[in-house]
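Engineer: show me the folded form of this:
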Amino acid sequence: QVQLVESGGGLMQAGGSLRLSCAASGSIFVINTMGWYRQAPGKQRELVAAITSGGNTNYADSVKGRFTISGDNAKNTVYLQMNSLRPEDTAVYYCNADLYTTYNRVSSRYWGQGTQVTVSS
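Structural biologist: Sure thing, here's the model as predicted:
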């Protein structure tokens, strides 16, 4: 079993900052990639940012220059620093991990339960 536990969401005024954390635990052998997705009401879930175990990062165009993803491989944890928040950043943010477990030779994707981020204008 693998669990992803997120924290750090909340309510913030436009222009403010929030930091999300996601810790993966359980029968993990190796993590390939961890990332953050978000889903706003009435919209599809979209990639916000991702980071590989080697430190390569990928960002949605809408958050480039404002959000920074980082990871701690030793702790199986990924962070999302969100600066200059905008009302359009309001969404449920989901942590995602692509990883190998100790009992499966094929990598699988796991999701956290989601954390609400609300940005007021």
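
Engineer: how far away from the center of its chain is stretch 14-26?
Structural biologist: Its chain's C-alpha centre and that of stretch 14-26 lie 7 Å apart, by CA atoms, centre = their mean, to the nearest Å.

Engineer: so which bits of it are buried?
Structural biologist: L18, L20, S21, C22, A23, A24 (16 or more other CB atoms under 10 Å). Glycine gets a C-beta too; all of them are placed from N, C-alpha and C.

Engineer: most widely separated two among these?
Structural biologist: L18 and A24 (20.3 Å; CB to CB).

Engineer: returning to that earlier point: rebuild the buried residues of stretch 14-26 as a markdown table, extending it with pLDDT, distance to S120 and secondary structure.
Structural biologist: Shown next, in a markdown table, are these (pLDDT from 0 to 100; distance: CB to CB, whole Å; DSSP: H, G, I helix; E, B strand; the rest coil):
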| residue | pLDDT | distance to S120 | secondary structure |
| --- | --- | --- | --- |
| L18 | 98 | 12 | strand |
| L20 | 98 | 18 | strand |
| S21 | 98 | 22 | strand |
| C22 | 98 | 24 | strand |
| A23 | 98 | 28 | strand |
| A24 | 97 | 31 | strand |
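
Engineer: just the closest of those residues to G112, please.
Structural biologist: Of the buried residues of stretch 14-26, the one sitting nearest to G112 (CB to CB) turns out to be C22, at 5.8 Å.

Engineer: quick one: contacts for the closest one?
Structural biologist: L4, V5, E6, S7, M34, W36, T77, V78, Y79, C95, A97, G112 (CB atoms under 8 Å, 6 or more residues apart in numbering).
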